[in-house]
Every structure is written in structure tokens, then in C-alpha cells.
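Asks: sequence below, structure please.
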Amino acid sequence: MTSGTKNPEIEKKINELYSLILKKQESINQIQAADPSKKGLIESKLKTFEDNRGKGFFYPYLTEGEGHGPFSKLIDGSIKYDLIEGIGFNLFGHSPSFFIKSCLEAATVDSVMCGNLQPYTQAMDLTVEMMKSVEGTKLKHFWFAGSGSFANDMALKLLWQKQAPKYTLIAFTKAFAGRSIATQDITYNESYRELMPKSINVKHAPHFDQKNPADSLKNTLTALKKIKAEDKDGICALSIELIQGEAGFVYGTKEYYEGIFEWAKENGIYVWVDEVQTFGRTHELFAFQMFGLEKYVDIVTVAKALQIGGVLYSEALNPKPGLIAGTFNGSLASIIAGKNALRFLREGNFYGSNGRIAQIEAAFKQRFQQLSTGSCKGKIGYFGGIGTMISFEVGDSSNEVTDKYIRKLFDNGLICFKAGKDPVRVRFLLPVSLTEDHINEIFQIIEKTAHEVL
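Replies: Model prediction:
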């Protein structure tokens, strides 16, 4: 234990409690069907929840918090593979040991939340770790944010203040930046901002085209030049997800991004990389590091796997006093867990061509190749992605067929989600706690479900 109230007796009790919690969570280690005596329990509980919040839920999923590794236990006694991780924040799976310790350590601190006005050493320690992770880049500062959307809002404010009165932002088709008032305009899907007034000026250019990679850079640059010609003196920055999560994990090449960023720099446009979903999940800690784009990046937003949101930015974007503040940095449990997660990722064997993340990616792609050319030929077509972000298409890739397929996967013991539009893809955000045996069973479920549905 490194912070909070400390004495030998407290540390002894924490270690005992840690062992008991971990042992109990580790007993959740295989899929199982629901307890017949609890049939309908989740649906009845969720009905109350739905009535109170005014909207239903995609899955009949409700848990009290039992789970370990890739497994999550629901209140009806069923245990399922969780391959969507709350849409990305459980990179390590359920109840990783250092998260249990993080929460117990947070219980010894005198507050639930860490404030911005009165700093805690825990926030300082995480900030130090974040800056170590981007050494050798232009990124010199880190500021906390309450979520990925808040981080993106903050990035926009920093860019606007620096570039005022240039306020136009360039984003990309199929982008997703969040659901705040500002980020809903950056997000490309118009249905996410139905009947909303336009708040910021955003121009969208085409992202990398997986069906026409050879012409992607040319087509993107043509669109960027047109945007610039139409707004000669108003563009402040270019915002891009190097790997577009909501699009079904669409990404380009190093040469593609270099071409875009060179154009941006030539035109005095800042480069903002949105890594809210990609942080920690590629062959390097950051996707921009994996593509070797360090020299171009001016500002980066992170959240999800870090357990806390935040913005990394260059000295040039360091704001004037008062622009960014707020009451909270975040919960102390999240900040301590974030620090421990970052150390675990940086010191473990996760990155590089032989790292654990590359191994998981290769295993999934190999098995999809076998299915798509074998027993599921004509039922599973496209598959792809990078790192722990894997997607594939089933049947005609329509929303109706994909929706039916992933709901049946849920019934068969596997939780995932969908992404993209024309085509719609099945989306996995894989935990690094997967073993070879887990992967074998997962693909048995994928294959079985394909034959049942398609």
C-alpha cells in the first residue's frame, strides 16, 4: 500500500481482505447456464430500472459484480464471456488483482473524490506515469477529465483558445467523439444528434477506405484541400481516431496518416488524436506510437482502459489560467487503479510484435480465417481489426442479421456488441486475460451461433 492511512494492522487486514476477494472472484472461471429457479429475475429487475430511467437495455444483463478475467456472472447465476468490457474500460478483464488492491487502498484515503483545487499525491503519481509514457514527443502536460467526452471537450477548448478566432474543426466520416454538446457534432452519425442544434463548426473528410486503399490518401487530401479552400482562415485543428471504433475498427497505414498530417502542418493546423478507445489496445501503448507518428501529434485524449479521462498536450497548447479546472479530477479508486494499470502495461510483456496483444490479435485472425474458409464459409466474411479490437461481418452484414446474431451469441454465453453502418460488424474489445483455452471455446460459440442463425 502506497497511500492513505497506513499502519501494520491496516495493511495486514487489507492483505487478508484482498486474498479473500481474489479467491472468491477467481471461482468465476467458466461459462454456465442460468439457475432455472431464477428464470425471469433479470428481466423483472431491469423492468424497474427501465421505468426509472425511461429507456430499455440492449441485453438482459444485470450483475452484482462477480466476475474474473473474461467471465462475468449475472444475477440469474449465468456466467458469460465478456468480450465488450463495458465498451472498453475492462482491458484487463474482471477483478484483476491490482484493481482489487487499488480499491482497498482507496478506502484508506479520507475522500471518495480527488479534487482539482486540493491535489492528492495519487493524482500526481498518475500524471508522472502518463508523462513517462510519452517521453520523446511534443506532449508535455496532462490534465484529468471525467470521461472520454469531457476529455474531447477539453481538447477542443485548448485548441480554440490557441487558434482564436479560428474555430472550425476537421473531423472524419464515421468518427465518434462522444455525446456531449460539442462532441455530438464531431460524431458523424446524424442519428446521434437528432433534433439537436449545431453547436460547433465541423467539416468531415473521408477516412481511410478499406475497399480502396490505393486511392485513400489522394481522396482524403482532395477533400481536405477543398475544406481549406472554402474556409481559408478558419480551421483550428484536425481531429482523428487512427482506428475508428464505432466504424468497426477502420484504420489506415503509416504513410496515409503521414500524408494527412504533413498537409495539416503545412497549413498551420494542429493535430489532435482521439485515443479514448485505442489507448492501451494496440501494439504500443498509444496508437500514434504504433504508427510512428510522434513528431506530428499536438494533443491526445484518453479514457476507458486508463480508468480515468484525460488530455495530453504540448507546451504550445498550455492554456491561460481559468480555461480548464473543475471540481473533480476523478475518484481516488479510479486514479489509483489508473496509475497501477499504466505501470502494469508499461512494465509487462504487452507490446511489440511478440507482445501479448499482438498474440491475441493473431490468434483471433487465424481462427477467423479458418472459419471463413471452412465451416462458416458464406456465413462469416470480412474479419479484421488490430490489437484487442477485432471485428467481423456475418451474413449480409445488415443491422437486422448482425443484431440477431449477437443476441444469440449472448444466449450462448458470449457478450459483444456491434459497430458500423453499411456494413454493420460484430465488435469485440478483448481482455488481455484471455488464454488459449478461452479462445478455443469462444470460437466454438462463434461457429455454433453462425450455424444456428445464418
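Asks: tell me the centre residue of the chain?
Replies: Most central in the chain under Cα atoms, centre = their mean is residue 277, positioned 2.4 Å from the mean C-alpha point.
Asks: quick check on that residue: phi, psi?
Replies: Residue 277 has phi and psi values of phi -90, psi -30 when expressed as degrees, to the nearest 10.
Asks: I'd like to know how far it sits from residue 88.
Replies: Between residue 277 and residue 88 the computed distance is 5 Å (Cβ to Cβ, to the nearest Å). Glycine gets a C-beta too; all of them are placed from N, C-alpha and C.
Asks: what do you get for residue 101?
Replies: For residue 101, the distance to residue 88 equals 22 Å [Cβ to Cβ].
Asks: got it, and residue 398?
Replies: For residue 398, the distance to residue 88 equals 25 Å [Cβ to Cβ].
Asks: residue 228 now?
Replies: Computed as Cβ to Cβ, the residue 228 to residue 88 distance reads 33 Å.
Asks: looking at these two, which is more packed in?
Replies: Each of residue 228 and residue 88 has its neighbours counted (other Cβ atoms under 10 Å); residue 88 has more, 22 against 19.
Asks: now for that one: which residues touch it?
Replies: Shown in contact with residue 88 (Cβ atoms under 8 Å, 6 or more residues apart in numbering): 245, 277, 281, 304-305, 429.
Asks: any idea what sits nearest it, other than its immediate chain neighbours?
Replies: residue 304 (4.1 Å; Cβ to Cβ, 6 or more residues apart in numbering).
Asks: residue 139 too?
Replies: residue 312 (4.3 Å).
Asks: quick one on the thing from earlier: so how many other residues sit close to the residue nearest to residue 88?
Replies: 25.
Asks: what pLDDT does it get?
Replies: Residue 304 carries a pLDDT value of 97.
Asks: that one reaches residue 274, doesn't it?
Replies: No: in this structure, residue 304 is not within contact of residue 274 by Cβ atoms under 8 Å, at 11.4 Å.
Asks: thought residue 75 was touching residue 41?
Replies: Yes: at 6.1 Å, residue 75 counts as touching residue 41 under the criterion of Cβ under 8 Å.
Asks: for residue 308, give me its contacts.
Replies: 126, 144-145, 329-330, 334-335, 338.
Asks: now the helices for the stretch 51-200 of the chain?
Replies: Using DSSP state H, counting those that start in this stretch, the helices assigned to the stretch 51-200 of the chain run over residues 85-88, 97-106, 121-132, 148-163, 183-186.
Asks: I'd like to know which elements the fourth one is packed against.
Replies: The one in question is helix 148-163. Helices and strands touching helix 148-163, by 3 or more Cβ pairs under 8 Å, 6 or more residues apart in numbering; DSSP states H and E, are strand 139-145, helix 183-186, strand 235-240, strand 270-275, strand 299-302, strand 309-314.
Asks: with distance to residue 370 and mean neighbour count as extra columns, can I get those in a markdown table?
Replies: A markdown table is the format used below for these (distance: least, Cβ to Cβ, whole Å; neighbours: other Cβ atoms under 10 Å):
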| stretch | distance to residue 370 | mean neighbour count |
| --- | --- | --- |
| strand 139-145 | 41 | 21 |
| helix 183-186 | 39 | 24 |
| strand 235-240 | 34 | 25 |
| strand 270-275 | 32 | 27 |
| strand 299-302 | 35 | 27 |
| strand 309-314 | 39 | 25 |
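Asks: adding distance to residue 71, write these out as JSON lines.
Replies: Supplementary listing: those in JSON lines, determined by distance: least, Cβ to Cβ, whole Å:
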{"stretch": "strand 139-145", "distance to residue 71": "31"}
{"stretch": "helix 183-186", "distance to residue 71": "33"}
{"stretch": "strand 235-240", "distance to residue 71": "35"}
{"stretch": "strand 270-275", "distance to residue 71": "28"}
{"stretch": "strand 299-302", "distance to residue 71": "27"}
{"stretch": "strand 309-314", "distance to residue 71": "27"}
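Asks: re the thing from before, quick check: closest non-adjacent residue to the residue nearest to the centre of the chain.
Replies: That would be residue 245: by Cβ to Cβ, 6+ apart, it lies 4.2 Å from residue 277.
Asks: distance of that neighbour relative to residue 282?
Replies: Taken as Cβ to Cβ, the spacing of residue 245 relative to residue 282 amounts to 12 Å.
Asks: now do the shared contacts for the two.
Replies: Here residue 245 and residue 282 have residue 389 as joint contacts, going by Cβ under 8 Å, 6+ apart.
Asks: ok, back up a step: which of the contacts of residue 88 sit farthest apart?
Replies: 245 and 305 (12.3 Å; Cβ to Cβ).
Asks: what about the chain, any weak spots by pLDDT?
Replies: By pLDDT under 70, the weakly predicted segments of the chain are 1.
Asks: break it down into its domains, please.
Replies: By the assignment in automatic domain parsing, the chain contains the domains 9-96+353-453, 104-347.
Asks: picking up where we left off before, for residue 410, which of the helices of the stretch 51-200 of the chain is the nearest?
Replies: Closest among the helices of the stretch 51-200 of the chain, once you apply Cβ to Cβ, is helix 85-88, at 14.7 Å.
Asks: buried sites along the closest one?
Replies: Judged by neighbour count using 16 or more other Cβ atoms under 10 Å, the buried positions of helix 85-88 are 85, 88.
Asks: return the distance of that helix from the chain's centre.
Replies: Helix 85-88 sits 7 Å away from the centroid of its parent chain (Cα atoms, centre = their mean, to the nearest Å).
Asks: can you list residues touching both of residue 277 and residue 88?
Replies: Overlap between the contact sets of residue 277 and residue 88, as judged by Cβ under 8 Å, 6+ apart, is given by 245, 304, 429.
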